[in-house]
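# my questions are about this predicted structure, shown below with the sequence.
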Amino acid sequence: MNLKKHLNAVHANWEKHATTDPLWSIITHDEKKNSRWDLQEFFETGKSEIDEVISYVKNQSLPLNFGCALDFGCGVGRLTQALAEYFSEVKGVDISPTMVDKASEYNKNVGRVSFHLNLKSDLSLFESDSFDFIYSNITLQHMSPNLAKMYIVEMYRTLKPGGLLIFQEPTEIKTKYKILVEVIYRAMLIWRRLVFFFVKTPHMEMHYISQKEAEKLFNKMGATLLLSRKSDAAGQWFNSLQYFITKPHLSE
């Protein structure tokens, strides 16, 4: 599948998620399926996540300026609203119009928080060097590695020098039978895409970028990888890392 077709497929799939069970599609706890998430409880998971990340960043003495922040893959604003407790301005961006509409509906910080629809494979709606802080979790894993890499490059472009970019990405399938499991998984993925094509049942795609590939990309971008830590965001079948990246000042 070429990049444009894949991007259109990602858009269609997540728009279907947004119109059927949006909260569960973001945090997929089995007991919350079929619209069983309590809205306040759902948003509390975002607050807990951002509180932990900010605390970790401070404890590690990483660069942290509380100016303008970006939530990439914002969904209904679970993390965007939580970021607003720390940053003076926060923008959320998503590929699903319905997710963006719901995020705007739930927005408790109108004036400081805004939501943006992006249907492109870039982030050209934002200027370079716009954000002090960029955060993305459980988003890049649901798109092809080529598309995910393009968005990583774009997030880095929009990061201010001295800013902090944090994103999570699976690095490998978590099994010693990796090749066999991958063949089975890719066959299931093709089947799910066919089902979606005919009956429009949304599905969860999972992809990964190896740590070696990711670090090669960082070097190509000229980014400084400050550290990485293990993440359980990709579930039981994938190892995953959370990367902490900064953009050097021109004089450095």
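Happy to help now that I have it. Numbers count the residues shown, from 1 in each chain.
# shaky segments in this protein?
Applying pLDDT under 70 to the chain picks out residues 1, 176-178, 183, 187, 190-199, 251-252.
# please enumerate the helices of it.
3-20, 22-26, 39-59, 78-83, 97-106, 145-158, 178-199, 211-221 (DSSP state H).
# which among those is found nearest to F72?
helix 145-158 (6.0 Å; Cβ to Cβ). The C-beta positions use only the backbone N, C-alpha and C, and glycine is treated the same way.
# pull out the buried residues from that closest one.
In terms of neighbour count (16 or more other Cβ atoms under 10 Å), helix 145-158 has its buried residues at 145, 147-152, 154-158.
# next, the distance between the ends of stretch 120-127.
Distance between the two ends of stretch 120-127: 15 Å, counting by Cα to Cα, to the nearest Å.
# buried ones in that stretch, by neighbour count?
So stretch 120-127, judged by 16+ other Cβ under 10 Å, has buried residues 121, 123, 126.
# now do stretch 20-37
By 16+ other Cβ under 10 Å, the buried positions in stretch 20-37 come out as 21-27, 32, 37.
# can I get it in CSV? Just the C-alpha atoms.
Provided in CSV are the C-alpha atoms of stretch 20-37 (Å, rounded to 0.1, in the frame of the first residue of the first chain):
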residue,chain,number,x,y,z
THR,A,20,-18.5,4.1,17.1
ASP,A,21,-16.6,3.9,20.4
PRO,A,22,-14.1,6.8,20.6
LEU,A,23,-13.0,6.6,24.2
TRP,A,24,-12.4,2.9,24.1
SER,A,25,-10.4,3.2,20.8
ILE,A,26,-8.0,5.4,22.7
ILE,A,27,-7.7,3.5,26.0
THR,A,28,-8.6,-0.1,25.1
HIS,A,29,-9.5,-1.6,28.5
ASP,A,30,-11.7,-4.6,27.9
GLU,A,31,-14.2,-3.7,30.5
LYS,A,32,-14.7,-0.3,29.0
LYS,A,33,-15.7,-1.5,25.5
ASN,A,34,-19.0,-0.5,24.0
SER,A,35,-19.0,3.0,25.5
ARG,A,36,-18.5,2.0,29.1
TRP,A,37,-15.9,4.7,29.9
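# show residues contacting that stretch.
Residues outside stretch 20-37 that contact it (Cβ atoms under 8 Å, 6 or more residues apart in numbering): 14, 17-18, 39, 42, 45, 75-76, 78, 98-99, 102, 138, 202, 204.
# sorry, back to before: would you list the buried residues of helix 145-158 in JSON lines and tack on distance to I50?
Converted to JSON lines, the buried residues of helix 145-158 look like this (distance: Cβ to Cβ, whole Å):
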{"residue": "P145", "distance to I50": "27"}
{"residue": "L147", "distance to I50": "25"}
{"residue": "A148", "distance to I50": "22"}
{"residue": "K149", "distance to I50": "25"}
{"residue": "M150", "distance to I50": "25"}
{"residue": "Y151", "distance to I50": "20"}
{"residue": "I152", "distance to I50": "20"}
{"residue": "E154", "distance to I50": "22"}
{"residue": "M155", "distance to I50": "17"}
{"residue": "Y156", "distance to I50": "21"}
{"residue": "R157", "distance to I50": "23"}
{"residue": "T158", "distance to I50": "19"}
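# before we move on, the earlier item: any chance of the buried residues of stretch 120-127 in a markdown table, plus distance to A223?
Below are these laid out as a markdown table (distance: Cβ to Cβ, whole Å):
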| residue | distance to A223 |
| --- | --- |
| S121 | 19 |
| L123 | 16 |
| F126 | 17 |
